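A.B. asks: pasting the sequence and the predicted model now:
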Amino acid sequence: MRNEFTAVVEKDGEWYVAYCLEAPGANGQGKTVEECKRNLSEAVALILEDRREDGLRGVPADAECEAITVE
């Protein structure tokens, strides 16, 4: 698994709506499943970026920070 998240997609009238189990608050919608999942992916990325920035605000200036990869 590498940067994979669960998209729950449901049909709501003429639209598809989706949410991500691992990123509460991330939602997407679209006229097609593909558009819906693309919008959800963008929402997940924005939430993760915001959480990263928020978390880094409390890190001491002399602490080492580096990226890791989850596989």
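C.D. replies: Received it, and whenever you're ready, just let me know what you need. Bear in mind the structure is a predicted one, so any value in this text is a computation, not a measurement. Residues are numbered from 1 along each chain as shown.
A.B. asks: all contacts plus neighbour counts: C-alpha atoms, from now on.
C.D. replies: Noted.
A.B. asks: if I look at Glu34, how far off is Trp15?
C.D. replies: From Glu34 over to Trp15 the distance is 12 Å, taken as CA to CA, to the nearest Å.
A.B. asks: and stretch 19-31, how far from the chain's centre?
C.D. replies: 7 Å (CA atoms, centre = their mean, to the nearest Å).
A.B. asks: same question for stretch 55-71.
C.D. replies: Per CA atoms, centre = their mean, the centroid offset for stretch 55-71 relative to its chain is 19 Å.
A.B. asks: show the end-to-end separation of that stretch, please.
C.D. replies: The first and last residues of stretch 55-71 sit 22 Å apart, counting by CA to CA.
A.B. asks: show the average pLDDT along that stretch.
C.D. replies: Computed over stretch 55-71, the mean pLDDT rounds to 90.
A.B. asks: wait, Gly30 sits on Cys36?
C.D. replies: Yes. Proximity of Gly30 to Cys36 meets the contact threshold set by CA atoms under 8 Å, at 4.2 Å.
A.B. asks: local confidence estimate at the residue nearest to the spatial centre of the chain?
C.D. replies: Ranked by distance to the mean C-alpha position of the chain (CA atoms, centre = their mean), the top residue is Val44 at 1.3 Å. Looking at Val44, its pLDDT reads 97.
A.B. asks: common neighbours of Gly30 and Cys36, please.
C.D. replies: When CA atoms under 8 Å, 6 or more residues apart in numbering defines a contact, the residues bordering Gly30 and Cys36 alike are 16-17.
A.B. asks: so the residue of the chain positioned farthest from its centre is in which element?
C.D. replies: Ranked by distance from the centre of the chain (CA atoms, centre = their mean), the top residue is Asp62, with 29.3 Å. Element membership of Asp62, judged by DSSP states H and E, is empty: it is in no helix or strand.
A.B. asks: returning to what we had before: what's the spacing between the residue nearest to the centre of the chain and Glu14?
C.D. replies: On the measure of CA to CA, Val44 and Glu14 end up 23 Å apart.
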